[in-house]
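Undergrad: Have a look at this fold, sequence not included:
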């Protein structure tokens, strides 16, 4: 009985470690990957590819959370929002954290093996960026840009899986995702700005200073502009533009939240980006389906 209780406790802590209770990170990786799958396949991605990338996104986001907590293990105890995470609070060890990350990354790698060689090769780059990102907060003024690459690397992988090549559109969409990530993660960083300043972590919210809200708005404009340009090239119909306008409305709503600089409203803006990504995806799907 005692052993079962211990196993149950550990499993619960592992679930907290990989943020299964906070799916927002997973969907922020998933939406760009799905946009890319639909764009690259002209609206007809194989079901197997959709499943592989969906499960792979969940696994790699979970592995990334474990890597992030290991990298930040000496900082999280000084941040109110993170001080109770399983690793920093001592509920699990550093070795356990790395083991969880390794197992999840290995399963994700097994998922991409049925895909072409180019996609498999890109998966190694995706893993490298996922490992690199947490450490960039120590030396890079806008680590959110690296987060945008990590969160958006499913885009070139999706194009590679569908086309076995990497057209410029894949990299342009990835650039758009970088701007989107800077926008939503700057709002997120505004929540922890005081703690990050005290412990010496670098974030875009600190780098942009009093212009952080302006930077968020500009990044939304650039992101939505890139997605609009790609849609024009694809000659997508009015269904896409309905989704695009809905996403733009979400961005305006986020501005009304972050301009207050209230911590909870900034956090609300970050979480609401799920709906922005979903609106674009629905618009893309309907545009291809209704052609």
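TA: Perfect, thanks for sending it. Predicted model, so just to flag it, every value in this text is computed and none were measured.

Undergrad: what comes up buried for the helix or strand hosting residue 254?
TA: Assigned by DSSP states H and E, residue 254 belongs to helix 238-258. Under the neighbour-count criterion of 16 or more other Cβ atoms under 10 Å, helix 238-258 has 239-241, 243-244, 246-248, 250-251, 254-255, 257-258 buried. (Glycine included, C-beta is placed from N, CA and C.)

Undergrad: Check the offset of the helix or strand following it from the chain's centre.
TA: Scanning forward in sequence from helix 238-258 by DSSP H and E, the next helix or strand is helix 263-289. Put simply, helix 263-289 sits 12 Å off its chain's centre (Cα atoms, centre = their mean, to the nearest Å).

Undergrad: what angle separates helix 263-289 from helix 238-258?
TA: 180 degrees (axes from the mean of the first three to the mean of the last three Cα atoms, to 10 degrees).

Undergrad: Counting neighbours, which bits of helix 263-289 end up buried?
TA: Across helix 263-289, burial judged by 16+ other Cβ under 10 Å covers 265-270, 272-288.

Undergrad: For burial, what's the neighbour tally of residue 146?
TA: Taking other Cβ atoms under 10 Å as the criterion, the count of residues near residue 146 is 20.

Undergrad: quick one: contacts for it?
TA: Contact partners of residue 146, counting by Cβ atoms under 8 Å, 6 or more residues apart in numbering, are 129, 132, 133, 136, 140.

Undergrad: Repeat that for residue 274.
TA: So residue 274 contacts 24, 27, 28, 31 (Cβ under 8 Å, 6+ apart).

Undergrad: With residue 252 as the reference, measure out to it.
TA: Per Cβ to Cβ, to the nearest Å, residue 274 is found 16 Å from residue 252.

Undergrad: what sits against residue 126?
TA: Residue 126 makes contacts with 60, 150, 153, 154, 157, as judged by Cβ under 8 Å, 6+ apart.

Undergrad: Mind checking what secondary structure the last one has?
TA: Pointing back at residue 157 there. Recorded secondary structure, residue 157: helix (DSSP: H, G, I helix; E, B strand; the rest coil).

Undergrad: buried sites along stretch 223-238?
TA: 223, 224, 226, 227, 228, 230, 231, 234, 236.
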